[in-house]
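Student: coords please:
(one chain, ligands or ions: 2)
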Amino acid sequence: MSNKEIDLGLTFDNSYFDKLEGFYVACSGAKAPDPKLIKLNGALANRVGLTNADPTSLAQVLSGTIAPSGSSPLAQVYAGHQFGGFSPQLGDGRALLLGEVLDKDGIRLDIQLKGSGRTPFSRGGDGKAVLGAVLREYIVSEAMFALDIPTTRALAVVTSGESVMRSQYLPGAVLTRVASSHLRVGTFQFFASRGENDKVKQLADYAIARHYPKVEESEQRYLDFLCAVRDKQAELVAKWLLVGFIHGVMNTDNMTISGETIDYGPCAFMDDYGSDTVFSSIDRDGRYSYNNQPVMAQWDLARLAETLLPLIHDDQDEAIALATTAVTGFWEVFQQHWTAGMRRKLGLSDQEEGDFALGEQLLESMSGEEVDFTQLFRQLALDLQSGSHESQKLFNNADKFLVWKEEWETRLAKESLTVSKRIEMMNSANPIYIPRNHQVERAIEAAEMRGDYQPFEQLLAVLATPFTLQKEAQEYAEPAPADFGPYTTFCGT
Ligand code: AMP
Ligand code: MG
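Tutor: Ligands and ions are numbered 1, 2, ... in the order given. Sure thing, here's the model as predicted:
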């Protein structure tokens with residue numbers, strides 16, 4: 001061990017560094033003037049084998065100031081379609097992959113710093129992140145994990161001790177992120193756009209071995225790989241929609257090959273249901289609006305498919321036909337997952353032809369009625385339990401909803417499930433607590449303005465068990481007060 005390194009107890013096994021030369025640039029983090037550990041995710045630290053609990057060592061390493069023993073820090077290169085326009089050269093401009101570890105189940109995990117300084121891919125950026133955005137990613141990604149939605153995780157927050165210029169000077173911070181990998185659609189696009197098909201193949205083989213070993217033996221492994229990524233993404237986006245999550249920046253550089261949610265920049269959960277809800281300041285055309293997310297996921301997958309064409313079949317027309325069928329199949333897989341999830345939300349145990357339409361009809365009845373998405377689903381179970389009719393009070397005009405409710409009740413009556421089992425099913429699918437925008441902002445403001453991390457910690461604690469009613473947590477189940485106003489989010493802060 002070099003004495004310039006610090007041992008955190010992590011046992012690195014750096015396959016990306018070892019096997020994919022030419023897919024990254026080795027580099028190191030910037031020295032933080034006064035790094036301080038703000039938060040360590042104890043359970044996740046345990047999972048990745050981080051045993052050094054010394055806050056000073058953790059702050060040094062997790063700010064990027066000193067490398068951990070066994071790491072091979074690097075910035076990954078990638079390209080990406082951003083809002084439909086192709087950027088051939090992106091890459092980790094403010095992130096540093098320290099390396100990989102294997103958890104107790106042998107699952108390989110990336111450990112990455114975000115905001116640790118400039119890299120060769122920073123272009124005009126400063127390579128930094130600010131505390132507010134880091135806390136936001138911590139809160140929302142950990143909430144997603146608790147909601148059983150595939151996601152990158154948050155391991156730690158360190159403040160750097162420097163001010164970072166955004167619209168004003170803000171406290172700088174670094175997030176330590178854990179992910180199944182950081183392979184993106186954009187990683188494939190970088191090499192495909194340069195005509196480096198041997199590299200695309202190398203990358204596909206690496207991705208297959210790491211994420212989809214089942215297709216390894218297949219005779220049409222690259223087509224099966226495409227289908228496997230499609231299936232994961234279809235399931236992911238269905239899960240987003242079922243909890244009212246809007247990612248906000250579904251560019252191809254932000255779509256993982258693993259099927260995990262990544263890049264928590266402008267994302268937000270909606271309070272009132274609206275199919276065209278958008279929060280991101282730059283998404284003026286609603287490209288990444290709530291309801292457009294499956295369409296955009298499919299669009300991103302088509303970009304992945306393009307990169308794989310030469311591997312799918314020697315004959316280009318044949319390759320295009322096969323890839324088109326694969327990408328077109330997205331919709332059916334998405335519908336299956338969405339309908340299965342909606343059944344659970346509505347307490348339906350049997351499968352019927354009209355279930356997709358029943359779910360859609362409910363959403364349609366909510367449209368324009370200022371109904372809180374999360375509260376409504378939870379209230380449906382409460383109504384069943386107590387025989388009350390409170391759910392309709394959440395609507396301005398409940399006419400359409402009442403028509404829907406009758407249909408739903410007719411459907412329920414056909415099933416043999418007991419009421420208690422039905423309620424159990426609904427309550428395990430419908431969260432009480434989601435990261436409400438006003439609560440996230442409150443936590444960030446207290447930390448940024450007053451160095452008070454209590455609201456952040458409280459919010460994290462509530463969101464860790466989102467399906468369970470918690471004492472004195474009612475305020476976290478409430479939508480934003482009227483004076484919170486319209487909510488806008490920003491990229492890359
Ligand atoms: P994002 O919008 O976070 O997905 O980032 C898009 C691209 O911009 C990625 O290549 C990032 O690494 C890069 N980027 C974002 N913020 C910064 C920054 N402050 N400094 C350098 N690069 C950045
Ligand atoms: Mg990104």
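
Student: how many neighbours does the residue in the chain that ligand 2 sits nearest to have?
Tutor: Minimum separation of the chain from ligand 2 (CB to the ion) falls at D263, amounting to 4.1 Å. Just so you know, the C-beta spots here come from the backbone N, C-alpha and C atoms, and that holds for glycine as well. Counted with other CB atoms under 10 Å, the neighbours of D263 add up to 23.

Student: Spit out the contact partners of it.
Tutor: Neighbouring residues of D263 by CB atoms under 8 Å, 6 or more residues apart in numbering: 247, 249, 254.

Student: ok, then the element right after the longest strand seen in the chain?
Tutor: In the chain, assigned by DSSP state E, the strand with the most residues is strand 153-165. Moving toward the C-terminus from strand 153-165, the next helix or strand (DSSP states H and E) is strand 169-179.

Student: Could you give the average pLDDT over that following strand?
Tutor: Taken as a whole, strand 169-179 has an average pLDDT of 97.

Student: what's the answer for stretch 271-289, then?
Tutor: On average, stretch 271-289 scores 97.

Student: Just the CA atoms of it, as PDB, please.
Tutor: Written as PDB, here are the backbone C-alpha positions of stretch 271-289 (Å, rounded to 0.1, in the frame of the first residue of the first chain):
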ATOM      1  CA  ASP A 271     -48.200  15.700  -6.000                       C
ATOM      2  CA  ASP A 272     -51.300  16.300  -8.100                       C
ATOM      3  CA  TYR A 273     -51.700  13.900 -11.000                       C
ATOM      4  CA  GLY A 274     -51.100  15.300 -14.500                       C
ATOM      5  CA  SER A 275     -50.100  13.200 -17.400                       C
ATOM      6  CA  ASP A 276     -48.000  16.000 -18.900                       C
ATOM      7  CA  THR A 277     -46.300  17.000 -15.700                       C
ATOM      8  CA  VAL A 278     -42.800  18.400 -16.200                       C
ATOM      9  CA  PHE A 279     -40.500  19.900 -13.500                       C
ATOM     10  CA  SER A 280     -37.300  20.500 -15.400                       C
ATOM     11  CA  SER A 281     -36.600  24.200 -16.300                       C
ATOM     12  CA  ILE A 282     -35.100  23.200 -19.700                       C
ATOM     13  CA  ASP A 283     -37.800  20.700 -20.700                       C
ATOM     14  CA  ARG A 284     -40.000  23.200 -22.400                       C
ATOM     15  CA  ASP A 285     -41.600  20.900 -24.900                       C
ATOM     16  CA  GLY A 286     -42.400  18.200 -22.400                       C
ATOM     17  CA  ARG A 287     -40.100  15.700 -24.000                       C
ATOM     18  CA  TYR A 288     -39.500  14.000 -20.700                       C
ATOM     19  CA  SER A 289     -42.900  14.600 -19.100                       C
END
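
Student: Of the contacts of D263, which is the most crowded?
Tutor: H247 (26 neighbours).

Student: interface residues of the protein facing ligand 1?
Tutor: Residues of the chain lying close to ligand 1 by CB under 6 Å from any ligand atom are 90-94, 122, 125-128, 249, 253-254, 263, 265, 491-492.

Student: List the buried residues for the longest strand of the chain?
Tutor: 153-160, 164 (16 or more other CB atoms under 10 Å).

Student: Describe which strands that strand pairs with in its sheet and in which direction.
Tutor: Its sheet considered, strand 153-165 pairs with strand 36-40 (antiparallel), strand 169-179 (antiparallel) by DSSP bridges.

Student: For F330, which residues are in contact?
Tutor: The contact partners of F330, by CB under 8 Å, 6+ apart, come to 230, 233-234, 294, 297-298, 301.

Student: Among those residues, which ones are in helices?
Tutor: Counting by DSSP state H, the part of those found in helices is 230, 233-234, 294, 297-298, 301.

Student: biggest separation within the residues you listed, which pair?
Tutor: Maximum pairwise distance in those, criterion CB to CB, is 11.5 Å, between R230 and P294.

Student: Look at these two and report which has more neighbours.
Tutor: Shown here are R230 and P294; by other CB under 10 Å, R230 has more neighbours (23 against 19).

Student: And the more buried one, how far from ligand 1?
Tutor: For R230, the distance to ligand 1 equals 22 Å [CB to the nearest ligand atom, to the nearest Å].

Student: The strand or helix carrying V140 and ligand 2, are they touching?
Tutor: Per DSSP H and E, V140 falls inside helix 131-146. No: against ligand 2, helix 131-146 shows no contacts by CB under 5 Å from the ion, the least distance being 11.2 Å.

Student: The residue nearest the centre of the chain: what's it in contact with?
Tutor: A centroid search over the chain (CA atoms, centre = their mean) returns T261, at 2.4 Å, as the residue closest to the centre. Going by CB under 8 Å, 6+ apart, T261 touches 141, 144, 149-152, 236, 240, 247.

Student: ok, now with 6 Å
Tutor: Each residue near T261 by CB atoms under 6 Å, 6 or more residues apart in numbering is listed here: 144, 151.

Student: if I look at it, how far off is T151?
Tutor: For T261, the distance to T151 (CB to CB, to the nearest Å) stands at 4 Å.

Student: hey, where'd the helices end up in the stretch 1-150 of the chain?
Tutor: Counting by DSSP state H, counting those that start in this stretch, the stretch 1-150 of the chain has helices at residues 15-19, 42-48, 55-62, 131-146.

Student: Turn these into CSV, columns for mean pLDDT.
Tutor: Formatted as CSV, the helices of the stretch 1-150 of the chain follow (pLDDT from 0 to 100):
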stretch, mean pLDDT
helix 15-19, 98
helix 42-48, 98
helix 55-62, 98
helix 131-146, 98
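
Student: Of those helices, flag the one that's most buried.
Tutor: Comparing the helices of the stretch 1-150 of the chain by mean neighbour count (mean count of other CB atoms under 10 Å), helix 131-146 ranks first with a mean of 24.

Student: which helices and strands does that one pack with?
Tutor: Here helix 131-146 touches strand 153-165, strand 169-179, helix 437-450, helix 454-463, going by 3 or more CB pairs under 6 Å, 6 or more residues apart in numbering; DSSP states H and E.

Student: Quick check: which of the ones you listed has the most neighbours on average?
Tutor: Among the helices and strands packed on helix 131-146, judged by mean count of other CB under 10 Å, the one packed with the most neighbours on average is strand 169-179 (a mean of 24).

Student: Show me how far that strand is from its chain's centre.
Tutor: 16 Å (CA atoms, centre = their mean, to the nearest Å).

Student: Heading C-terminal from that strand, find the next helix or strand.
Tutor: Once the chain leaves strand 169-179, the next helix or strand it forms, by DSSP H and E, is helix 185-193.

Student: circling back to that earlier point, columns distance to P310 on top of the helices and strands packed on helix 131-146, output as TSV?
Tutor: Listed next are the helices and strands packed on helix 131-146 as TSV, based on distance: least, CB to CB, whole Å:
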stretch	distance to P310
strand 153-165	35
strand 169-179	28
helix 437-450	44
helix 454-463	45
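
Student: Tell me which of the ones you listed sits nearest to P479.
Tutor: Ranking the helices and strands packed on helix 131-146 by their distance to P479 (criterion: CB to CB) puts helix 437-450 first, at 8.2 Å.

Student: I'd like the mean pLDDT over that closest one, please.
Tutor: Helix 437-450 carries an average pLDDT of 97.

Student: which strands and helices sit next to it?
Tutor: For helix 437-450, the contact count by 3+ CB pairs under 6 Å, 6+ apart identifies helix 131-146, helix 454-463 as packing neighbours.

Student: where exactly do the strands run in this protein?
Tutor: 24-26, 36-40, 74-76, 80-82, 85-87, 95-102, 108-114, 129-130, 153-165, 169-179, 245-246, 268-269.
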